[in-house]
Structures are given as structure tokens and as C-alpha cells.
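Participant: Would you be able to build a 3D model of this:
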Amino acid sequence: MNVLLDILIYLIDLYWWVLVFSVILSWLMVLGVINASHPYVRSLWQLLNMATEPLLGPIRRMLPNTGALDISPLILLIAISIVRHVLFSMRFGA
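Facilitator: I've put the predicted structure just below:
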């Protein structure tokens, strides 16, 4: 059971970083630091969207329209932190 919890915690940590990298990449593309039409950047962006959109999409649909400000990644990061904390406490019995 502990090994399964360790794997889940590791996957949650990995997804956390994928989400953070996706947010940073989107900021860099919006600010014009990175050219979004470059094939490498475009393929990386599509890959990150495929990984994050299944969880961000439902959150965006539940939130009110805030215009250009998208707070769904922040809500997902908080939810991931809560799930990770629960798994971590199950793992170590604290």
C-alpha cells in the first residue's frame, strides 16, 4: 500500500510541475517572449494542453467569466495540494 501511495504522490508532484510549466509557457507566449508559431513551441504547447485541459476545462466551466484572467490553474494547484496532503498523511499516518 505504501508503494502505491508513493507512486501516486510522485505522479501528483509531476502533474504539479506540468501545470506550472504550462502556466509559465502561456505567460511567455502572451508577452511575446516566445514565438507561438515556432513548430517546437507549438508542439510543446499542444502537449501541455492535452495534459492539463482535461482537469482545467471543467474548472473553467464552473467559474464565472473573469475576462483575460484565468484562475483555473490556481484552483487546480490548490486542489492538487489538498489531495497530495491527504495522500501524504495516509502514507505516514500523521
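
Participant: alpha carbons only for contacts and neighbour counts from here, please
Facilitator: OK.

Participant: number of nearby residues for I7?
Facilitator: 11 (other CA atoms under 10 Å).

Participant: Now do the one helix or strand it maps to: which elements does it pack against?
Facilitator: Per DSSP states H and E, I7 falls inside helix 2-30. Packing partners of helix 2-30 (3 or more CA pairs under 8 Å, 6 or more residues apart in numbering; DSSP states H and E): helix 39-62, helix 72-92.

Participant: Run the chain-centre distance for that helix.
Facilitator: Taking CA atoms, centre = their mean, to the nearest Å, the mean C-alpha location of helix 2-30 is offset from the chain mean by 6 Å.

Participant: Report the buried residues of it.
Facilitator: Buried residues in helix 2-30, counted by 16 or more other CA atoms under 10 Å: L5, I9, I12, Y15, W16, V18, L19, S22, V23, L25, M29.

Participant: Now do the same for the second one: its pLDDT.
Facilitator: Among the per-residue scores, I9 shows a pLDDT of 94.

Participant: Centre-most residue in this protein?
Facilitator: L19 (2.5 Å; CA atoms, centre = their mean).

Participant: which residues does it contact?
Facilitator: Residues near L19 by CA atoms under 8 Å, 6 or more residues apart in numbering: L48, T52, P73, L77.

Participant: By neighbours, which of those residues wins?
Facilitator: Busiest of the contacts of L19 [other CA under 10 Å] is P73, holding 20 neighbours.
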